[in-house]
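Peer 1: can't give you the sequence, but here's the structure:
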């Protein structure tokens, strides 16, 4: 297993790394690894990565604390540009936005609290400060 996979597995409570995690872009993985690392540094409980929260759909979320009904999505691809200089992030295309709306509404109907963070929230510490409040209550 590669170093990144070992790091992710060690930060994920020894859970195996899923195929979808390995297929994500390096940029997105970088921010997810950053988030996991800072949770550990702060002594916060480790999440389940790529948690499948719905039995009837193939939806998964970046991180979850299923017993507490908490989900975190890292929106890492919002600042990407394509070869023509247009914004081309994975979650900025209209069909992707509609798909995410459906997924997030379903999370809410199932009683989950969703927290969404962009790289800016990770870099400036906002994401970890929010999660400290959420996970220590």
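Peer 2: Received it, and whenever you're ready, just let me know what you need. In this text, all values refer to a predicted model and were calculated from it rather than measured experimentally. Numbers count the residues shown, from 1 in each chain.

Peer 1: which stretches of the protein have low pLDDT?
Peer 2: Per-residue confidence for the chain (pLDDT under 70) gives these ranges: 1-28, 77-83, 85-92, 137.

Peer 1: what sits opposite residue 64 in the beta ladder?
Peer 2: Under the criterion DSSP bridges, residue 64 forms beta bridges with residue 48, residue 71.

Peer 1: show me what contacts it?
Peer 2: 47-48, 51, 53, 70-72, 112 (CB atoms under 8 Å, 6 or more residues apart in numbering). C-beta here means a position set from N, CA and C on the backbone, and glycine is covered the same way.

Peer 1: closest one to residue 130 out of these, please.
Peer 2: Nearest to residue 130 among the contacts of residue 64, counting by CB to CB, is residue 72 at 9.4 Å.

Peer 1: tell me where this structure has helices.
Peer 2: Secondary structure of the chain, counting by DSSP state H: helices at 3-11, 19-23, 26-41, 94-109, 119-123, 126-135.

Peer 1: buried ones among the contacts of residue 64?
Peer 2: Buried members of these, scored by 16 or more other CB atoms under 10 Å, are 47-48, 51, 53, 70-72, 112.

Peer 1: among the residues you listed, which one lies nearest to residue 129?
Peer 2: For the buried ones among the contacts of residue 64, the nearest to residue 129 is residue 72 (13.4 Å; CB to CB).

Peer 1: you'd agree the closest one is up against residue 63?
Peer 2: Yes: contact criterion CB atoms under 8 Å: residue 72 and residue 63 qualify, at 4.3 Å.

Peer 1: so who does residue 122 touch?
Peer 2: Residue 122 neighbours (CB under 8 Å, 6+ apart): 31, 34-35, 38, 74, 128.

Peer 1: what about residue 29, distance to residue 108?
Peer 2: Per CB to CB, to the nearest Å, residue 29 is found 27 Å from residue 108.

Peer 1: neighbours around residue 95, how many?
Peer 2: For residue 95, the neighbour count with other CB atoms under 10 Å is 7.

Peer 1: my guess is residue 66 meets residue 52, correct?
Peer 2: No: taking contacts as CB under 8 Å, residue 66 lies outside contact range of residue 52: 9.9 Å.
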